[in-house]
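Undergrad: pasting the structure only:
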């Protein structure tokens, strides 16, 4: 696994634990459970993307057309899996929708935070 994905996964995992702990104390246990589930859906998306990137790196001789097709396929699969897992949380597990979506959004927000954080770290090291 590449280091940036490892950092992203660790940040997302920290978000799951801290967010669920805060909600457990402040709101309620069902809210914490819903938040954790939503955040874990985002973590699963990260794991899926990292796995697909590993598949591409195993084929250094792949042409640009194959890489683009693989990227589109990965994006669609990731989107479908996120919808499936969120629907599972809403319907089958009957989790609190507001906290489930909040957990998913906060988990996905790590995608915005990590590149900025990495850039700031590299600028400060120079």
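TA: Perfect, I can see it now. Please read all numbers here as calculations on a predicted model, not as lab measurements.
Undergrad: which one is the most centrally placed residue in the chain nearest to, not counting chain neighbours?
TA: With distances taken as CA atoms, centre = their mean, the residue of the chain nearest its centroid is residue 42 (2.9 Å). Distances taken as CB to CB, 6 or more residues apart in numbering place residue 107 nearest to residue 42, at 2.8 Å, with adjacent residues excluded. Bear in mind the C-beta positions are built from the backbone N, C-alpha and C, glycine included.
Undergrad: check contacts around that neighbour.
TA: Residue 107 sits next to 12, 15-16, 38-43 when contact means CB atoms under 8 Å, 6 or more residues apart in numbering.
Undergrad: helix, strand or coil for the residue nearest to the centre of the chain?
TA: Assigned with DSSP: H, G, I helix; E, B strand; the rest coil, residue 42 falls in the helix class.
Undergrad: before we move on, the earlier item: okay if I get the contacts of residue 107 as TSV plus pLDDT and distance to residue 62?
TA: Listed next are these as TSV, based on pLDDT from 0 to 100; distance: CB to CB, whole Å:
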residue	pLDDT	distance to residue 62
12	81	28
15	82	34
16	83	34
38	91	34
39	89	33
40	89	31
41	91	29
42	88	28
43	86	27
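Undergrad: any chance of these in JSON lines, plus distance to residue 69?
TA: Converted to JSON lines, the contacts of residue 107 look like this (distance: CB to CB, whole Å):
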{"residue": "12", "distance to residue 69": "28"}
{"residue": "15", "distance to residue 69": "32"}
{"residue": "16", "distance to residue 69": "33"}
{"residue": "38", "distance to residue 69": "30"}
{"residue": "39", "distance to residue 69": "31"}
{"residue": "40", "distance to residue 69": "29"}
{"residue": "41", "distance to residue 69": "26"}
{"residue": "42", "distance to residue 69": "25"}
{"residue": "43", "distance to residue 69": "26"}
